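Q: 3D model of this:
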Amino acid sequence: MATPSINRHLLRSLCFGLGLLILAVGLLAEYLLRTRLQDDFDAILLARAQSLVSLTEQSVEGAIEFEFVPSMMPEFAALEEPEYFELHHHNGGLLAQSPSLGKTAAILASPGNASEIRFRNLSLPDGRNGRAVDLPFPARQEIPDPEDNVKPQPIRAPEWLQATVARSREQLDTEILFVRLAVGGYLLLTLLGAGAIALFSVRRGLAPLRAIGHEVRRLDADTLTHRLSGDVPSELAPITRQVNALLERLESAFAREKRFSGDVAHELRTPLAELRTLAEVGRRWPDDQEMVSRFFDDLVDITEDMSQIVTNLLTLARCDAGHLEVAESDIDLNRCINLVWERLRPTADARKLSLEADLNGLARVRSDARGLELILSNILSNAVAYANDGSIIQLEVRADSEGTSLSVSNATDKVDEQDLNHLFDRFWRKDPDRSGSGHAGLGLALVKALADRLGLRVGARLDPNHRFRITLGGLRVA
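A: Residues are numbered from 1 along each chain as shown. This is a model prediction of the structure:
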């Protein structure tokens, strides 16, 4: 199937629409001009017939008198291209005819007598194409002169007569042909001009779109830093903005993927080096049972850290692929928080940290139990790791116009405003040397991925009193 083309579609639509419009205007102009020419021609015919009517009179005795003088109307007696007329009684009898007809029988009158003015085409006696008018009229009554002492006569009804005048329409046909040729030429030139204008306008109008297409075709994995020009028509501005936003996301994703292998290798390098060191020391002094026993304790801690990294990476991968199963159920929020905090209590007690939870009467929420527990575990673990020693970690649940949200805040001097843009990045640590232990920089990234999977919103900010706050929004009350 051929790929649709906006350029061809617009050209076809414009040319078809403009063609129909121009053709309709041309045909209307031809009709109006042709009608006007024929009306003028018919007006002349009617004037000729009315002139004959003025020469007709009915006497007092009832006789019809026709006072035609050929020299006064030479067009009816011309030897070349004459005009013709006939005057008929109402019963069809021929009363008079033009000298151009000679003594021939009536040949102009149409079958039957007209009851109103009628125009028609016909073939003239000399073979030319002609046009005739049939004009019925009552004979004008003669008015006696009182000085003639004529004996009064009874009033007679005027006799109805019919005047038929015919003349060649060759000049009219020539003028109509000229009008048609002129209109046809106008249509052809206008159509060609409209086509050229449509082609120019479409090409000019689509030029920014073609320019964007050229820019997009040049994009690849090595040119993701390029951004589409913002100097485009307003209709294309949303497209360029969205493409540029997509390029920014792709650039960030590619950069993150490029960092991923290095980050994983860096995170695993330290525990693997520790394992190797422990193995070498244990092999060198295998008889020192007390030292080997301590090494096994260290081995368990190291493998647990590595296992946690791998587990988090697998969970992130399943979230990204949409394969993490979500099974909603009613969750006892207080029990879930206590369960998570009990696991963190030894570390919290060592740093003299305490938890204050205010659920505002909210006892149960509806979500995925395992996913929500992982989210709370990572948020509280982050708070325990970065809160100032001896401070209070506050957990609060609120309900407002945007729904129910849960927030965890802690006082800290280890986070600033610039860090907020990177907190949910994978493997991100504030320490560029990544020299800390116990955290691989995956906790908050996992929180973000799980929240997206569960349809929740997560955000972080620094309060004015320099308390770091993570808010989980979109919770549903059970």
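
Q: Which residue lies nearest the spatial centre of this structure?
A: Central residue check for the chain by Cα atoms, centre = their mean: the C-alpha nearest the mean position is that of Glu235, 9.4 Å away.

Q: helix/strand/coil for that residue?
A: Secondary structure for Glu235, judged by DSSP: H, G, I helix; E, B strand; the rest coil, is coil.

Q: same deal with Ala132?
A: strand.

Q: what pLDDT does it get?
A: pLDDT for Ala132: 92.

Q: and what of the one 3 residues further on?
A: Model confidence at Leu135, expressed as pLDDT, equals 91.

Q: Show me what it bridges to in the sheet.
A: Ala163 (DSSP bridges).

Q: what does the domain assignment say about this structure?
A: With domains defined by automatic domain parsing, the chain comprises 237-321, 328-477.

Q: mean pLDDT lowest for which of those?
A: domain 237-321 (a mean of 70).

Q: quick revisit: confidence score at the residue nearest to the centre of the chain?
A: pLDDT for Glu235: 80.

Q: who touches it in this structure?
A: Counting by Cβ atoms under 8 Å, 6 or more residues apart in numbering, Glu235 makes contact with nothing. In short, each C-beta sits where N, CA and C put it, glycine included.

Q: Please, where are all the helices along the stretch 251-400 of the chain?
A: 289-321, 333-350, 369-386 (DSSP state H, counting those that start in this stretch).

Q: Run through who's touching the second one.
A: Which is helix 333-350. Helix 333-350 is contacted by residues 354-355, 357, 359, 362-365, 369, 372-373, 376-377, 380-381, 384-385, 393, 395, 397 when judged by Cβ under 8 Å, 6+ apart.

Q: Would you mind writing the ChimeraX command to select the buried ones in these?
A: One line in ChimeraX is enough to select the buried members of the contacts of helix 333-350, burial here meaning 16 or more other Cβ atoms under 10 Å:
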select :355,357,362,365,372,373,376,377,380,381,384,385,393,395,397
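
Q: What's the local residue count around Met73?
A: Applying other Cβ atoms under 10 Å, we find 18 residues neighbouring Met73.

Q: so what pLDDT did the closest residue to it other than its chain neighbours get?
A: The spatial neighbour of Met73 that comes closest, neighbours along the chain excluded (Cβ to Cβ, 6 or more residues apart in numbering), is Ser51 at 7.1 Å. Looking at Ser51, its pLDDT reads 91.

Q: Helix or strand for Ser51, just tell me which one.
A: Assigned by DSSP states H and E, Ser51 falls within helix 6-54.

Q: Repeat that for Ala445.
A: helix 443-454.

Q: Over to Arg204?
A: Using DSSP H and E, Arg204 maps to helix 170-217.

Q: quick one: that helix to chain centroid distance?
A: 26 Å (Cα atoms, centre = their mean, to the nearest Å).

Q: ok, now stretch 443-452?
A: With Cα atoms, centre = their mean as the basis, stretch 443-452 stands 37 Å off its chain's centre.

Q: send the alpha carbons of that stretch over as CSV?
A: Written as CSV, here are the backbone C-alpha positions of stretch 443-452 (Å, rounded to 0.1, in the frame of the first residue of the first chain):
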residue,chain,number,x,y,z
GLY,A,443,16.6,2.4,47.0
LEU,A,444,14.8,5.6,45.8
ALA,A,445,15.0,4.5,42.2
LEU,A,446,13.1,1.4,43.2
VAL,A,447,10.6,3.5,45.1
LYS,A,448,9.9,5.5,41.9
ALA,A,449,9.6,2.4,39.7
LEU,A,450,7.3,0.7,42.2
ALA,A,451,5.1,3.8,42.7
ASP,A,452,4.7,4.1,38.9
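
Q: quick thing: my sequence starts at 5, can you match it?
A: Yes, from this point I'll number from 5; that puts the last item at stretch 447-456.

Q: Any idea how many residues pack against Glu146?
A: Per other Cβ under 10 Å, the neighbour tally for Glu146 reads 14.

Q: Look at the spatially closest residue to it that is not a sequence neighbour and report its pLDDT.
A: Nearest non-adjacent residue to Glu146, counting by Cβ to Cβ, 6+ apart: Ser63, 4.8 Å away. pLDDT, Ser63: 80.

Q: ok, now how distant is Ser63 from Asn95?
A: With distances taken as Cβ to Cβ, to the nearest Å, Ser63 is found 19 Å from Asn95.

Q: and if you look at Ile474?
A: Where Asn95 is concerned, Ile474 sits at a distance of 115 Å (Cβ to Cβ).

Q: How about Ala249?
A: Taking Cβ to Cβ as the measure, Ala249 falls 95 Å from Asn95.

Q: which of these two has more neighbours?
A: Using other Cβ under 10 Å, the more surrounded residue of Ala249 and Asn95 is Ala249, with 11 against 8.

Q: Which strand or helix spans that one?
A: Assigned by DSSP H and E, Ala249 falls within helix 241-288.

Q: coming back round to it: pretty sure the residue nearest to Glu146 sits against Arg144.
A: No - using Cβ atoms under 8 Å, Ser63 is not in contact with Arg144, being 10.5 Å away.

Q: residue contacts, the residue lying closest to Asp334 once chain neighbours are set aside?
A: Counting by Cβ to Cβ, 6+ apart, the nearest residue to Asp334 once its immediate chain neighbours are dropped is Ala482, at 4.2 Å. The contact partners of Ala482, taken as Cβ under 8 Å, 6+ apart, are Asp334, Ile335, Arg368, Val369, Arg370.

Q: which residues of the stretch 105-254 of the chain score low on pLDDT?
A: Scanning the stretch 105-254 of the chain with the threshold set as pLDDT under 70 gives 108-118, 147-160.

Q: again, only using 80
A: For the stretch 105-254 of the chain, applying pLDDT under 80 flags the ranges 106-119, 146-162, 224-229, 232-236, 240.

Q: Give the bridge partners for the nearest residue to Asp420 once chain neighbours are set aside, please.
A: Using Cβ to Cβ, 6+ apart and skipping residues adjacent in sequence, the residue nearest Asp420 is Leu466, 7.4 Å away. Going by DSSP bridges, Leu466 is paired in beta bridges with Phe472.

Q: Thought Val419 was touching Leu466, still the case?
A: Yes - the criterion here is Cβ under 8 Å, and Leu466 meets it with Val419 at 6.7 Å.
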